[in-house]
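Enquirer: For reference, the sequence and a predicted model appear below.
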Amino acid sequence: MKHFLGKGRAIHRLKTVHVGNFLDMGALPPAPPAWGWEYASKIDPKKWGMLGNGPDTLNGSPFQGCGNCVVAKAYHFITLWTGNTGNPLYGTTEQAVGVYSTLSGFDPATGANDNGLDMQVFADYWKSTGIPCTDSNGNTVTHKILGYASVDIHNVPLLNQCAYLFEGHDCGLQLPESAEENTDDWDFDPSSPIAGGHDAPRFGMGRDGGHMLSWALSIPHTNPFLINTLDETYVYVSEDQLNLQGKTPSGFDREGLLNAMSAV
């Protein structure tokens with residue numbers, strides 16, 4: 001099966017809020033040693049969907065796929081966050097490819113302009129305009145995030161805490177060809193050439209690493225893979241995150257983070 005990528009090169013902007021300024025790792029309760037938000041969300045694994053980032057069906061016709069991973073991952077976050085709300089939201093291939101076309105100029109009929117997207121450009125659009133989703137009754141609704149913040153790609157304890165606290169963090173990867181070929185387990189192979197930029201949410205943590213959702217698969221990865229392939233990563237704040245509703249844990253300045261996000 002051909003897998004598509006589609007993340008643009010990492011652009012680190014001075015104005016981007018950094019989540020580390022609002023988390024006190026010494027005061028926060030430690031993240032559990034192992035968990036999986038994608039399993040706790042009560043989502044049928046068959047409903048994650050390729051969303052156009054691989055061989056799929058678009059408007060009733062076969063579709064080979066496109067480099068819309070930056071958009072597809074947003075629908076995976078939304079589906080996970082809303083999985084326990086009683087009205088889960090899903091993305092369709094048509095919605096995911098439509099957003100990608102709007103932002104990139106991609107033509108699904110000809111395949112032209114399939115050049116991927118910058119993660120922060122998309123995050124700004126998700127926050128300001130929102131993206132269409134489908135609710136459990138088949139209605140189209142618009143989903144927006146409250147904001148986003150970058151995370152230090154070299155700080156594994158912080159990455160683990162963010163994956164737990166924010167119900168996933170968004171991984172911008174320089175993906176090795178070995179990871180395209182083997183989707184059973186991602187370990188770092190320094191001899192493997194880089195296939196290109198890819199975007200996948202990290203929803204869980206295990207004893208030896210974690211797991212990312214890519215191409216409708218929950219793929220285990222090692223810590224060396226994470227450390228050596230990440231080139232940017234972000235957390236998002238949404239009203240749908242059950243883990244952030246109610247009492248804010250000590251060591252997390254949620255209001256400060258929201259205020260900083262709204263000022264950008």
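Expert: Thanks, I have it. Residues are numbered from 1 along each chain as shown.
Enquirer: how about N87, secondary structure?
Expert: Secondary structure, DSSP: H, G, I helix; E, B strand; the rest coil: N87 is coil.
Enquirer: For it, grab phi and psi.
Expert: phi -140, psi 70 (degrees, to the nearest 10).
Enquirer: If you tally nearby residues, what's the number for it?
Expert: For N87, the count of nearby residues is 11 (other CB atoms under 10 Å). (C-beta placed from N, C-alpha, C; glycine too.)
Enquirer: check contacts around it.
Expert: Contact partners of N87, counting by CB atoms under 8 Å, 6 or more residues apart in numbering, are 135-137.
Enquirer: now swap in G204 and tell me
Expert: Contacts of G204 (CB under 8 Å, 6+ apart): 34-39, 163, 210-211, 218.
Enquirer: could the contacts of N87 go into CSV alongside neighbour count, pLDDT and secondary structure?
Expert: Shown next, in CSV, are the contacts of N87 (neighbours: other CB atoms under 10 Å; pLDDT from 0 to 100; DSSP: H, G, I helix; E, B strand; the rest coil):
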residue, neighbour count, pLDDT, secondary structure
D135, 14, 93, coil
S136, 12, 87, coil
N137, 7, 91, coil
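Enquirer: can you put these in CSV and add distance to E181?
Expert: CSV is the format used below for the contacts of N87 (distance: CB to CB, whole Å):
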residue, distance to E181
D135, 37
S136, 37
N137, 40
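Enquirer: Tell me the confidence at Q241?
Expert: On pLDDT, Q241 comes in at 84.
Enquirer: After the helix or strand hosting Y125, which helix or strand is next? Please name it.
Expert: Taking DSSP states H and E as the criterion, Y125 maps to helix 119-128. Going down the chain from helix 119-128, the next helix or strand is strand 131-134, by DSSP H and E.
Enquirer: Next secondary structure element downstream of that next one?
Expert: Counting by DSSP H and E, the next helix or strand C-terminal to strand 131-134 is strand 140-143.
Enquirer: What lies in contact with that following strand?
Expert: 78, 89, 126, 130-135, 238.
Enquirer: That strand pairs with which strands, and in what direction?
Expert: In the sheet, strand 140-143 lines up against strand 131-134 (antiparallel) (DSSP bridges).
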